[in-house]
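Undergrad: Structure of the sequence below:
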Amino acid sequence: MTAKTSREVALDYVRAVGRQAPVEELAEHLAPDFVFREWPNVLSPEAATRDREKTLDGFAQAHLVIGEQRYTIERVVSEGDSVVVELQWEATARMELPYWSIGDRMRARIVSIFTVKDGLIGAQDSFDSYETPA
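TA: Coordinates of the predicted model:
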């Protein structure tokens, strides 16, 4: 069997997150020392850094915040172990949030930069730009 490229590893993970795969499946994509960095946005005004466990806990709780979601991959650029994925995101709000009420359609443009090591995601930096009502 041929080893997956960094691009394939990152896209497999993005697709699994997009289809809201079970946490156990998502965990299979992440290195033990995985680090997730979320840069400031309207839902998280302060930058945040999470380890693997906190990231997986967030996935486990995501269904409380959003319903069905859809990722549309717009562009992928990869070089060595670095992969940049630009995508459109849509989801339905399941709770009252700043700018959205229950049932509202949420939209964002997201750019994530992945570092792949030994066939697993070692790090992710996410830059989320949410569309908010005027």
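
Undergrad: All the helices of the protein, residue numbers only.
TA: Ranges of helices in the chain, per DSSP state H, are 6-18, 23-27, 52-65.

Undergrad: Which residues belonging to stretch 70-87 are considered buried?
TA: Neighbour-count burial for stretch 70-87 flags Y71, S78, D81, V83, V84, V85, L87 (criterion: 16 or more other C-beta atoms under 10 Å). Just so you know, the C-beta spots here come from the backbone N, C-alpha and C atoms, and that holds for glycine as well.

Undergrad: Return the distance of I66 relative to R94.
TA: 6 Å (C-beta to C-beta, to the nearest Å).

Undergrad: Pull the contacting residues for D128.
TA: Counting by C-beta atoms under 8 Å, 6 or more residues apart in numbering, D128 touches E38, W39, N41, L43, W89, A108, R109, I110.

Undergrad: nope, G103 is what I was after
TA: T92, A93.

Undergrad: hang on, the earlier thing: name the nearest of the buried residues of stretch 70-87 relative to I102.
TA: Closest approach to I102 among these (C-beta to C-beta): Y71, at 21.9 Å.

Undergrad: Find the nearest non-adjacent residue to that closest one, please.
TA: Nearest residue to Y71, sequence neighbours excluded (C-beta to C-beta, 6 or more residues apart in numbering): G18, at 3.4 Å.

Undergrad: wouldn't that neighbour be in contact with I66 here?
TA: No: with contact defined as C-beta atoms under 8 Å, G18 does not reach I66; the gap is 11.9 Å.

Undergrad: neighbour count winner among those two?
TA: Neighbours were counted for G18 and for I66 using other C-beta atoms under 10 Å; I66 has more, 18 against 15.

Undergrad: Show me what the more buried one bridges to in the sheet.
TA: I66 has these beta-bridge partners by DSSP bridges: A93.

Undergrad: Relative to L97, how far out is it?
TA: From I66 over to L97 (counting by C-beta to C-beta), the distance is 9 Å.
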